[in-house]
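J.: Sequence below, structure please.
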Amino acid sequence: MSLSKIATNDMHGENSPYFDGWKAYDENPFHPTKNPNGVIQMGLAENQLSFNLMEEWILKNPKASICTPEGISQFKDVAIFQDYHGLTQFRNAVAKFMGKARGGRVKFDPDRIVMSGGATGADEMIMFCLADPGEAFLVPSPYYPAFDRDLRWRTGVKIHPVECTSTNNFQITREALEAAYQKAQEENIKVKGLIITNPSNPLGTTLSRETLTSLVSFINEKNIHLVADEIYAATVFSSPRFVSVSEIMDEVECNPNLIHIVYSLSKDLGLPGFRVGIVYSYNDAVVSCGRKMSSFGLVSSQTQHLLASMLSDDEFVDNFLMESSRRVAKRHKTFTEGLVNVNINCLKSNAGLFVWMDLRHLLKEPTLEGEIALWRVIIKDVKLNVSPGSSFQCSEPGWFRVCFANMDEDTVEVALKRIRTFVGKGQEEAEAPTKAKRWKNSTLRLSFSSRIYDEAVMSPHSPMPHSPLVRART
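T.: All right, here's what the predicted structure looks like:
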């Protein structure tokens, strides 16, 4: 007996080098003493730099947990059935935190907070609310690889890329939007909206006020929806500051029913395991429908209870946001300076937990095949799980996303040392007499052995025994 079409199709997006890198790490994970030659996980966008701040708060506030002698009196009230609206104190605390994460420049209504199981569930929920199977959303590229899963696998919604390039640092332009919209029209694809990630994953950049104003104007003219994924809103560590689409709504004339925000606590608080996703919509019908759908992916009442107490502590939240930003900035500086020392540059960024690394000068040839070949060497020989730009639908070969906040300082140094060794080896080969003719009058090109084209080394479509599809968004 065959399975359903959803169960048997390949729209989950797992057949990608992005997920194959996770497989390589799962099979041979780095450990400083137990497996020092293992693969270092640099494909996971996770903030592990400020856990001690939360641990200290939990120790000082034992009543926040129903699993302590001080909090056990609340056990029954939290453990019994909860309405899918969510605990009132939780929604109040999340709305307040969302405002603080945006610098206090906007306020959010707790009654518009709709819960979901992480941002993955929130993204899918908003697609179910806004579009029918076969309809499309414009998505500027490069974009988060798992959008293919989150937005379209079970909903049947299509993704229509808006091509952005390095000529203007991958900024979204009105011309690119119009071209993508027109192409969809010519292909008889009904466009229901535009999805943006701000701050960007994988670029680590924030959208300017002018760009956001242009985007809001665009969707209003076309009468289509705008979904703003703002899950890195408080993970901004240098200027320019983050501007939320909510701020733009107060400044320009627009239809609020077309504006929706996806948020979570996975990045800004570093709590992906808590599976807290939020849809915040200015559309009453979406809020109502989303509430009904949220029963398929609620946040546990125990998690709500703990976080309601934590996020209501203004002193803790203010200190955490400031210190977390400082630590991410420091790690970003350490990592990017280490790359510059070996002549590797990154797109200038001010947000996120990763860099958009430029390795175009290391490609054997400026093609998709050349990028995948280089990626295989980095995975197999350098033993770093970095994500190739093609898995983010980047149209220019040679860009890679590299995460830097999911490890300790010693592991960062190991990773940088491996990169230095890798690049140094390529330079030695370039300078070797037998290679003189090959390298004459050219920039550095790493010469790889033919085995990198052997699918047995690492196929970009190899099966995954430990699928990351159930993991937090990365």
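
J.: contacting residues around Met127?
T.: With contacts defined as Cβ atoms under 8 Å, 6 or more residues apart in numbering, Met127 is in contact with Phe137, Leu151, Arg152, Thr155, Val157. Glycine gets a C-beta too; all of them are placed from N, C-alpha and C.

J.: Next, give me the two most distant ones among these.
T.: Farthest pair in the contacts of Met127 (Cβ to Cβ) is Phe137 and Thr155. Separation: 10.1 Å.

J.: Overlap in contacts, those two.
T.: If you check Phe137 and Thr155 against Cβ under 8 Å, 6+ apart, the residues they both contact are Met127, Ala131.

J.: Pick out whichever of those two has more residues nearby.
T.: Set Phe137 next to Thr155 and count neighbours by other Cβ atoms under 10 Å: Phe137 wins out with 25 against 22.

J.: and the gap between that one and Arg275?
T.: 24 Å (Cβ to Cβ, to the nearest Å).

J.: One more: Ile344?
T.: From Ile344 to Arg275 the distance is 35 Å (Cβ to Cβ).

J.: Which helix runs longest in this protein?
T.: In the chain, ranked by residue count with DSSP state H as the criterion, the top helix is helix 314-340.

J.: Other residues contacting whichever helix or strand comes after that one?
T.: Later in the chain than helix 314-340, the nearest helix or strand by DSSP states H and E is strand 345-346. Residues from elsewhere that reach strand 345-346 (Cβ under 8 Å, 6+ apart): Thr336, Leu339, Val355, Trp356, Met357, Asp358.

J.: now, among the residues you listed, which is nearest to Ala179?
T.: Proximity of these to Ala179 (Cβ to Cβ) peaks at Trp356, which lies at 22.8 Å.

J.: quick one: which of the contacts of Met127 sit in strands?
T.: Using DSSP state E, the subset of the contacts of Met127 located in strands is Phe137.

J.: List just the nearest of the contacts of Met127 to Trp57.
T.: Taking Cβ to Cβ as the measure, Trp57 sits nearest to Leu151 out of the contacts of Met127, at 34.9 Å.

J.: Does that closest one touch Phe137 like I think?
T.: Yes. Contact status for Leu151 versus Phe137: in contact at 6.7 Å, counting by Cβ atoms under 8 Å.

J.: Tell me the residues that contact both of those two, please.
T.: Common contacts of Leu151 and Phe137 (Cβ under 8 Å, 6+ apart): Met127, Val157, Ile159, Ile195.

J.: Please tell me how far the second one sits from Gly193.
T.: Separation of Val157 from Gly193 (Cβ to Cβ): 10 Å.

J.: returning to what we had before: list the buried residues of the longest helix of the chain.
T.: Residues of helix 314-340 classed as buried: 316-317, 320-321, 324-325, 327-328, 331-332, 335-336, 338-339 (neighbour count, 16 or more other Cβ atoms under 10 Å).

J.: Same check on stretch 378-395?
T.: Residues 378-379, 381-394 are the ones in stretch 378-395 that count as buried (16+ other Cβ under 10 Å).

J.: do stretch 77-88 as well
T.: Per 16+ other Cβ under 10 Å, stretch 77-88 contains these buried residues: Val78, Gln82, Tyr84, Gly86, Leu87.

J.: Give me the spatial nearest neighbour of the last one, chain neighbours excluded.
T.: It refers to Leu87. Excluding its sequence neighbours, the residue lying closest to Leu87 (Cβ to Cβ, 6 or more residues apart in numbering) is Gln304, at 4.6 Å.

J.: The third one too?
T.: In space, and not counting its chain neighbours, Tyr84 is closest to Ser295: 4.6 Å by Cβ to Cβ, 6+ apart.

J.: Save the contacts of Met127 as a markdown table, and put in pLDDT too.
T.: Below are the contacts of Met127 laid out as a markdown table (pLDDT from 0 to 100):
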| residue | pLDDT |
| --- | --- |
| Phe137 | 97 |
| Leu151 | 92 |
| Arg152 | 91 |
| Thr155 | 93 |
| Val157 | 95 |
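
J.: Pick out whichever of the contacts of Met127 sits closest to Val412.
T.: Using Cβ to Cβ, Leu151 is the member of the contacts of Met127 that lies nearest Val412, at 32.4 Å.

J.: Return the residues in contact with the closest one.
T.: If you count contacts by Cβ under 8 Å, 6+ apart, Leu151 has them with Asp123, Glu124, Met127, Phe137, Val139, Val157, Ile159, Ile195.

J.: Going by neighbour count, which of those residues comes out on top?
T.: Greatest neighbour count in the contacts of Leu151, by other Cβ under 10 Å, goes to Asp123: 27 neighbours.

J.: re the thing from before, for Cys254, state which of the contacts of Met127 is nearest.
T.: Nearest to Cys254 among these is Phe137, at 18.1 Å by Cβ to Cβ.

J.: Wait, that closest one touches Lys192, no?
T.: Yes. With contact defined as Cβ under 8 Å, Phe137 and Lys192 form a contacting pair (6.2 Å).

J.: which residues does Asn92 contact?
T.: Counted by Cβ under 8 Å, 6+ apart, Asn92 has contacts Pro110, Ala308, Ser312.

J.: ok, 7 Å please
T.: Neighbouring residues of Asn92 by Cβ atoms under 7 Å, 6 or more residues apart in numbering: Pro110.

J.: sec struct for it, please.
T.: Under DSSP: H, G, I helix; E, B strand; the rest coil, the three-state class of Asn92 is helix.

J.: again, but for Phe400
T.: Taking three-state DSSP, the label given to Phe400 is strand.

J.: again, but for Leu207
T.: Three-state call for Leu207 (three-state DSSP): coil.

J.: Just to check, it is in contact with Asn198?
T.: Yes. Counting by Cβ atoms under 7 Å, Leu207 touches Asn198, with 4.6 Å between them.
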